[in-house]
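S.K.: 3D, please:
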Amino acid sequence: MKEELANLSLLDDEEEAFQGESVVVDSTYQNYLVGHCLTDSVVHFPSLRNTMADLWHPIGGVCIIDLGDKRYLFQFFHEVDVHWVLVGASWFFNNHLLILQRLLNSEDPAAMVLNFAEF
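M.R.: Predicted coordinates:
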């Protein structure tokens, strides 16, 4: 078996199948939320990303980007997921409030004022 594995090689045709597809960014920002975690302590981004994705369990998945300064961009792939997150219970990460707001077309996610949360 070791000899068989040693002789394995990828042909040029096969290598193309392993290249990732480029991510298509939606320029209308219709399924985006911007979030801010209210805490003075450091937020461990990989933990936040995994926790929120597991908690929300969106139909089409979610892409979460760290914008810095405890701000995050959440890209959902179905409007149902955005609606469910916005009307759902107040969201917390490590006992700290996560303020979420829908991103509109012309807004800069880094400049949005995130100081309002509905209970």
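S.K.: can I assume Val82 is in contact with Leu103?
M.R.: No. Contact criterion CB atoms under 8 Å: Val82 and Leu103 do not qualify, at 10.1 Å. (Glycine included, C-beta is placed from N, CA and C.)
S.K.: Pull up the overlap in contacts between these two.
M.R.: Shared contacts of Val82 and Leu103, defined by CB atoms under 8 Å, 6 or more residues apart in numbering, comprise Leu33.
S.K.: Look at those two and report which has more neighbours.
M.R.: Neighbours per residue (other CB atoms under 10 Å) separate Val82 from Leu103, with Val82 holding more: 21 against 18.
S.K.: Distance of the more buried one relative to Val62?
M.R.: 10 Å (CB to CB, to the nearest Å).
S.K.: hey, what's in contact with both of the two?
M.R.: Phe76.
S.K.: Scan the chain for its longest helix.
M.R.: helix 45-56 (DSSP state H).
S.K.: Format the CA atom coordinates belonging to that one as PDB.
M.R.: Only the C-alpha atoms of helix 45-56 are listed here, as PDB (Å, rounded to 0.1, in the frame of the first residue of the first chain):
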ATOM      1  CA  PHE A  45     -13.000  36.600  17.300                       C
ATOM      2  CA  PRO A  46     -12.800  32.900  16.400                       C
ATOM      3  CA  SER A  47     -14.800  32.000  19.400                       C
ATOM      4  CA  LEU A  48     -17.400  34.700  18.600                       C
ATOM      5  CA  ARG A  49     -17.600  33.500  15.000                       C
ATOM      6  CA  ASN A  50     -18.100  29.800  15.900                       C
ATOM      7  CA  THR A  51     -20.500  30.600  18.800                       C
ATOM      8  CA  MET A  52     -22.800  32.800  16.800                       C
ATOM      9  CA  ALA A  53     -22.800  30.500  13.700                       C
ATOM     10  CA  ASP A  54     -23.700  27.600  15.900                       C
ATOM     11  CA  LEU A  55     -26.300  29.500  17.800                       C
ATOM     12  CA  TRP A  56     -28.100  31.000  14.800                       C
END
